[in-house]
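Engineer: sequence-free structure coming up:
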């Protein structure tokens with residue numbers, strides 16, 4: 001399935017992957033001000049790219065023991081930021097008060113959040129599904145796939 005678009009007279013088929021990528025690009029560029037990217041610590045690699053999930057700092061300590069693996073976590077006075085592989089928001093409706101940051105871009109602030117947890121190994125990621133489920137549990141939000149679907 002695709003959408004036809006024309007460019008210089010030649011029809012072009014846009015598939016769902018292309019449309020999602022375009023939408024993400026718009027979201028990343030249309031922020032409310034200058035943003036800065038969380039960096040992967042030296043010696044680590046991010047072969048899947050990086051996004052981040054932010055949540056209020058009060059929830060951070062409650063989430064840590066609920067996760068089978070904790071990747072890089074950054075914090076400032078109000079939020080904790082968890083690195084996840086790029087596109088970890090596909091088909092997931094992250095519950096409020098979480099904020100999904102494509103490209104691991106954090107809003108401009110006096111200082112960039114500091115690294116408070118670095119996992120052993122070379123991958124910086126927290127697995128997104130356990131993070132999502134733990135956050136749903138803490139906020140009392142049912143996971144997206146358990147909600148009724150309307151026709």
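Structural biologist: Done, it's in. As the structure is a prediction and not an experimental result, all values here were calculated from the model.

Engineer: tally of neighbours for the residue nearest to residue 128 when sequence neighbours are not counted?
Structural biologist: Of all residues not flanking residue 128 in the chain, residue 88 sits nearest, at 3.8 Å (Cβ to Cβ, 6 or more residues apart in numbering). For every residue, glycine as well, the C-beta is placed using N, CA and C. Per other Cβ atoms under 10 Å, the neighbour tally for residue 88 reads 26.

Engineer: Residue 88: what's it in contact with?
Structural biologist: Residue 88 is in contact with 51, 53, 100, 128, counting by Cβ atoms under 8 Å, 6 or more residues apart in numbering.

Engineer: Just put those in a markdown table and tack on distance to residue 75.
Structural biologist: A markdown table is the format used below for those (distance: Cβ to Cβ, whole Å):
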| residue | distance to residue 75 |
| --- | --- |
| 51 | 17 |
| 53 | 13 |
| 100 | 17 |
| 128 | 19 |
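
Engineer: Which ones among those residues map onto strands?
Structural biologist: 51, 53, 100 (DSSP state E).

Engineer: Spatially nearest residue to the second one (excluding sequence neighbours)?
Structural biologist: Okay, so that is residue 53. residue 82 (4.8 Å).

Engineer: doesn't residue 52 make contact with the one you found?
Structural biologist: Yes: using Cβ atoms under 8 Å, residue 82 is in contact with residue 52, at 6.4 Å.

Engineer: So for the two, which residue has more residues nearby?
Structural biologist: Counted by other Cβ under 10 Å, residue 82 and residue 52 do not tie: residue 82 has more neighbours, with 29 against 26.
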